[in-house]
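Undergrad: everything below, folded, please.
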Amino acid sequence: MSSISVTRKAVDVDGRPASYLTAAGVDDRADRTTVLLLHGTYWSRVWLPVLTELAAAGLRPIAVDLPGLGQSAGELDLESAAVPALAGWVRRFAAAVGADEPLRVAGHDIGGAVAQHLAVGGDTEVARLALVNSVTYDSWPVPGVERFRNPEVVAATSVEELLAARRTAVTAALGRPAAEQEISEYLDPWRSLRVGRSWMALAGAADSRYTLDLVPALRRSGMPKLLVWGEDDSFQGIAYAARFAEEMPHTELVRVPDAGHIPMENDAKAVAAALSAFFAPDGA
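TA: Reported below is the predicted structural model:
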């Protein structure tokens, strides 16, 4: 695995560059099983700790920045930031990077809502679905996100104020002490006014009906499902994961002890091992 490194690439989607992280040396290998890794209120950086391990397991991991977020071009508004619209965009992104259906998808945070919509929303064929400390049922939006559903709050929020709010969220989500350089790296995209506006649109469009409406279809689905959950998450509690695992058929729950909202940052080996086994080509 020492010879595997991470690289950032871009592909055009809807006429704009879509940025993504992948593992160097495997991105163009046709014999690799592609796994799409979706972020939520953060960006592709959350998947960085597990990319090389996923690649070493024979997978082609692709951690995309949603439009207007991270390092992807464009700007979201309330309509394009809604879960169904983002799911449609991800489907077009998947086609652009040569990820054939049925897709294999993992989603973190609100990216998990997008992944669930891809899986059972009716427009995309998905073979396997993994959720990592994802929103489910009525678990979202959390207060720090929900306040941006108020247009007056959005209009009054400066780049500096958004950075301060995201610093608080990132520090809590990491679930461990972090150096200033690491926190600054996480915060870097939000230094852009365009990205800040896109993020506030994502927050403004956050609505638990997008996951609640999918519950009947998920209960009927025979698709293999995996939950990987940091047990100490203060944003998306483990009780929601336990409920999902109990109610949804063909679902396995992997608990990650002493891990928070971004368990990839607390125990990358455990998260990568669970995802690698689940998405392994012979597991299809």
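
Undergrad: low pLDDT regions in this protein?
TA: Within the chain, the set of residues satisfying pLDDT under 70 comprises 1-2, 24-30, 282-284.

Undergrad: what ranges do the strands span in it?
TA: All strands of the chain, identified by DSSP state E, fall at 6-13, 16-23, 33-38, 59-64, 103-109, 126-134, 225-230, 251-256.

Undergrad: out of the ones you listed, nearest to residue 46?
TA: With distances scored as CB to CB, the stretch of the strands of the chain nearest to residue 46 is strand 103-109 (5.7 Å). Every residue, glycine included, has its C-beta placed from N, CA and C.

Undergrad: still on that earlier bit, can you list the strands of the chain in CSV and add mean neighbour count and distance to residue 80?
TA: Putting those into CSV (neighbours: other CB atoms under 10 Å; distance: least, CB to CB, whole Å) gives the following:
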stretch, mean neighbour count, distance to residue 80
strand 6-13, 15, 12
strand 16-23, 21, 12
strand 33-38, 25, 16
strand 59-64, 27, 15
strand 103-109, 26, 18
strand 126-134, 27, 21
strand 225-230, 26, 27
strand 251-256, 18, 30
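
Undergrad: tell me, how many residues neighbour residue 180?
TA: Residue 180 is flanked by 7 other residues according to other CB atoms under 10 Å.

Undergrad: and for residue 219?
TA: 11.

Undergrad: circling back to that earlier point, residue 151: which of the strands of the chain is closest?
TA: strand 103-109 (23.0 Å).

Undergrad: now the angle from that closest one to strand 33-38?
TA: Per axes from the mean of the first three to the mean of the last three CA atoms, to 10 degrees, the angle that strand 103-109 makes with strand 33-38 is 30 degrees.

Undergrad: CA atoms of strand 103-109 as CSV?
TA: Extracted in CSV, the C-alpha atoms of strand 103-109 (Å, rounded to 0.1, in the frame of the first residue of the first chain):
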residue,chain,number,x,y,z
LEU,A,103,-23.6,1.9,-8.5
ARG,A,104,-21.9,1.3,-5.2
VAL,A,105,-22.3,4.3,-3.0
ALA,A,106,-21.3,5.4,0.5
GLY,A,107,-22.6,8.6,2.1
HIS,A,108,-21.6,10.6,5.2
ASP,A,109,-23.8,13.1,6.9
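
Undergrad: what are the pairing partners of it, and which direction each?
TA: strand 33-38 (parallel), strand 126-134 (parallel) (DSSP bridges).

Undergrad: for the most centrally placed residue in the chain, phi and psi?
TA: Of all residues in the chain, the one closest to the mean position by CA atoms, centre = their mean is residue 39, 2.3 Å from it. Comment: the main-chain dihedrals of residue 39 come out as phi -90, psi 170, following degrees, to the nearest 10.

Undergrad: ok, now how distant is it from residue 180?
TA: With the distance defined as CB to CB, to the nearest Å, residue 39 ends up 22 Å from residue 180.

Undergrad: which helix in this structure runs the most residues?
TA: The longest helix of the chain (DSSP state H) is helix 159-174.

Undergrad: next, the angle strand 225-230 makes with that helix.
TA: Going by the same axes, to 10 degrees, helix 159-174 makes 100 degrees with strand 225-230.

Undergrad: show me what counts as buried in helix 159-174.
TA: Of the residues in helix 159-174, those buried under the neighbour-count criterion (16 or more other CB atoms under 10 Å) are 162-163, 165-166, 169-170, 173-174.

Undergrad: dump these into a markdown table; add distance to residue 93 as well.
TA: Formatted as a markdown table, the buried residues of helix 159-174 follow (distance: CB to CB, whole Å):
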| residue | distance to residue 93 |
| --- | --- |
| 162 | 25 |
| 163 | 27 |
| 165 | 28 |
| 166 | 24 |
| 169 | 25 |
| 170 | 25 |
| 173 | 24 |
| 174 | 27 |
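
Undergrad: now do the contacts for residue 80.
TA: When the contact criterion is CB atoms under 8 Å, 6 or more residues apart in numbering, the partners of residue 80 are 67-68, 86, 89, 201.

Undergrad: distance check, it against residue 159.
TA: 21 Å.

Undergrad: quick check: chain neighbours aside, which residue is closest to residue 6?
TA: What sits nearest to residue 6 in space, not counting adjacent residues and going by CB to CB, 6 or more residues apart in numbering, is residue 51, at 5.1 Å.

Undergrad: return the residues in contact with that neighbour.
TA: Each residue near residue 51 by CB under 8 Å, 6+ apart is listed here: 6, 21-23, 61, 63.

Undergrad: sweet, I'm off.
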